[in-house]
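Q: Could you work out the structure for the sequence below:
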Amino acid sequence: MPRTTRSIRRATIAGACAAAAILAGACSSSHDHASHDHAAAADTTAVAAAPAPAAPARPDFTPPAIKHVFVIVLENQGYTTTFGAASPAPYLADTMVKAGALLRQYYGTGHYSLDNYIAMVAGIAPDSATQADCGRYEDFRQTGTAADGQPIGNGCVYPASVPTIANQLMAKQLTWKGYMEDMGNDPTREPATCGHPPLNTADMTHAAKPNDQYATKHDPFVYFHAIIDSAFCHTNVVPLTRLAADLRSAASTPNFSYIVPSLCHDGHDHPCASKEPGGLVSADRFLRQWVPRITHSPAFRDGGLLIVTFDEALASDASACCNEPTGPNTRAPGVTGPGGGRTGAVLLSSFITPGTVSDVPYNHYSLLRSIEDIFGLGYLGYAGQAGLVSFGADVYTAK
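A: Got it, this is the predicted structure:
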C-alpha cells in the first residue's frame, strides 16, 4: 500500500501523567482516546542459511542504545476495535498510548495465527500448513530455497538450516527467552519447557483446557529444529511464571524477551475455558498486570523497549502494507488477500516521547528488522526485503 505521511504527536499533560503511571507508578489516566483513530492502525545450533548483512535502518538514522527488548503478542483484533473510542482495552488504548508511541499503520503479515509468529522471529512467509496453524505437528518438507532465501516447501517445523533471531542472538553472545503463559500446566498435553507435541502427531493444544490454555501455535520457537533439537530450548522457552524472577536485575533479564499470554489472556478466546471473559477485556487485564512489572524493572529502566502488538486482525481484513512479498509457498499470505490486516502496535521506552503517533507503515517483517538493527544483527528472510524500513525517528522521538 502507499506510504502514508508520518505524524508525530508530542505529549499532553494527560500523556505525561500516563507515562508517569506506567514508567514510575505515579498517576492514573482517564479513558479518552477517540482522537487516536482519526486517521483510520551459549549452545548455538549450526545453521546454513546466512542472513543478509546488517545495514542502517535508514540512511539517516541509527537506533538508540536499547539493551533490552520485550515483545508481548496479543491476538486477532483490528485497529478500530482496539484503539477506537469504545475500546474494551482502555489500559492499552489509552494509558499505554499516552505513555508511548502508537503505530497506527502496523499490519499483520498473514492469516491465521502461526504464520505471523514465524514471520516475527524468522522472516519466513506462510505456506498452507502454517496458514492453517499446523493442526498436525510435522516437519517442513523443503524442496529448495528461493532466490530471496525463503525455504520452498510445505509443513511446520523448519530444518536446522533455517535460523531464527534466537540463533542470531546466541551467535553474538546475547541472551533471549520465550515466556509462554500456562505452558506445562497440564503435562499430559505439553512439557513445562520447550513445550510442543511429538513430531508427526496431532497438536492437542489448539483447544484450551480450564487449567492449561497454552497453544503451541503461538510459540514460534518450537517450529524450528535449530531450537528444539538443542538443550537450550528447555532453558530458553519457559513458562511465563519465570519472568518475574528474571526481571529482578538487568543481568538476569534477557536482551530479547518474547512474551505470549495464554489463549484467554491474549484475547484469542472469548469466553475462555477458565470462565474468564477473554477477548480484549482479558488481554487488557494481562497488560495491567505485566506491563508495570516490566517497565519498573532495572533492565527496562536501563535502555529498555516494550512492544505490544497483535498477530493479525480479524480474518475479514487481509490487507497488507510495505509491499509485502507473497513468498514461494502460497498464493496469498492472508488467504483471501495479501496480508494479515491492520492491527496497530504500541511501544514504550525512555527513547520515546509520550503521546507519539506514527503513520509510517510497518509489519511483522519490519518488527524483526528493527530488533535486528538494535542488536546489530543481519536480516533474516523478508526482514531484508528491499525498501522495508525499521522503526525510525518517527518512533524514537525523545531528544
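Q: Torsion angles phi and psi at A318?
A: Torsion angles at A318 (phi, psi; degrees, to the nearest 10) stand at phi -110, psi 30.
Q: quick one: it and A332 touch, right?
A: Yes - using Cβ atoms under 8 Å, A318 is in contact with A332, at 7.2 Å. Using the backbone N, CA and C atoms, a C-beta is placed for each residue, glycine as well.
Q: So the two - more neighbours on which side?
A: For A318 and A332, the more surrounded residue by other Cβ atoms under 10 Å is A318, and the numbers stand at 21 against 17.
Q: And the more buried one, how close does it get to R342?
A: Between A318 and R342 the computed distance is 10 Å (Cβ to Cβ, to the nearest Å).
Q: again with F221
A: Where R342 is concerned, F221 sits at a distance of 26 Å (Cβ to Cβ).
Q: picking up where we left off before, give me the common contacts of A318 and A332.
A: Here A318 and A332 have P338 as joint contacts, going by Cβ atoms under 8 Å, 6 or more residues apart in numbering.
Q: Report the secondary structure state of E276.
A: For E276, the secondary structure call by DSSP: H, G, I helix; E, B strand; the rest coil comes out as coil.
Q: Okay, it and Q142: tell me how far apart.
A: Counting by Cβ to Cβ - E276 and Q142 are separated by 40 Å.
Q: so where do the strands sit in the stretch 201-350 of the chain?
A: Ranges of strands in the stretch 201-350 of the chain, per DSSP state E, counting those that start in this stretch, are 201-202, 237-239, 256-260, 304-310, 345-349.
Q: any idea of the mean pLDDT in the shortest one?
A: Predicted confidence along strand 201-202 averages 97 (mean pLDDT).
Q: May I have the strands that pair with it, each with its orientation?
A: strand 136-137 (antiparallel) (DSSP bridges).
Q: Do you have the helices of the stretch 251-399 of the chain handy? List them.
A: Under the criterion DSSP state H, counting those that start in this stretch, the stretch 251-399 of the chain contains helices at 279-295, 298-301, 364-374.
Q: winner for burial among the ones you listed?
A: Burial of these is given as mean neighbour count (mean count of other Cβ atoms under 10 Å); helix 364-374 ranks first at a mean of 26.
Q: Show me what that helix is packed up against.
A: Helix 364-374 sits against strand 68-74, helix 114-122, helix 165-171, strand 304-310, with contacts defined as 3 or more Cβ pairs under 8 Å, 6 or more residues apart in numbering; DSSP states H and E.
Q: List of residues touching that helix?
A: So helix 364-374 is contacted by 51, 54, 56-57, 63, 66, 69, 71, 107-109, 116, 119-123, 165, 168, 256, 305, 307, 309, 322, 324, 340, 345, 377-385, 388-391 (Cβ under 8 Å, 6+ apart).
Q: Buried among the residues you listed? Need that as a selection in ChimeraX.
A: Buried members of the contacts of helix 364-374, defined by 16 or more other Cβ atoms under 10 Å, are picked up in ChimeraX with:
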select :51,57,63,66,69,71,107,108,109,116,119,120,121,122,123,165,168,256,305,307,309,322,324,340,345,377,378,379,380,381,382,383,384,385,388,389,390,391
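Q: For the residue nearest to L347 when sequence neighbours are not counted, name its beta-bridge partners.
A: Excluding the flanking residues, the one nearest L347 by Cβ to Cβ, 6 or more residues apart in numbering is A101, at 4.5 Å. Beta bridges link A101 to L347, T356, judged by DSSP bridges.
Q: Run through the stretch 1-150 of the chain and note the low-pLDDT ranges.
A: For the stretch 1-150 of the chain, the stretches flagged by pLDDT under 70 are 1-60.
Q: what are the ranges of the helices in it?
A: Per DSSP H, counting those that start in this stretch, the stretch 1-150 of the chain carries helices over the ranges 13-24, 79-83, 90, 97-99, 114-122, 128-131.
Q: Give me the distance from the third one to the chain's centre.
A: How far helix 90 lies from its chain's middle: 20 Å, per Cα atoms, centre = their mean, to the nearest Å.
Q: from memory A244 sits against R293, does it?
A: Yes - with contact defined as Cβ under 8 Å, A244 reaches R293; the gap is 6.5 Å.
Q: The residue lying closest to H364 once chain neighbours are set aside: what's it in contact with?
A: Leaving aside its sequence neighbours, H364 sits nearest to A119 (Cβ to Cβ, 6+ apart; 4.2 Å). Listed by Cβ under 8 Å, 6+ apart, the contact set of A119 reads 109-110, 125-126, 363-365, 368, 381-382.
Q: Could you check how far A119 is from Q105?
A: Counting by Cβ to Cβ, the separation of A119 from Q105 is 17 Å.
Q: now swap in D94 and tell me
A: Taking Cβ to Cβ, one finds D94 at 20 Å from Q105.
Q: swap in I352?
A: Per Cβ to Cβ, I352 is found 17 Å from Q105.
Q: I appreciate the help and will end here.
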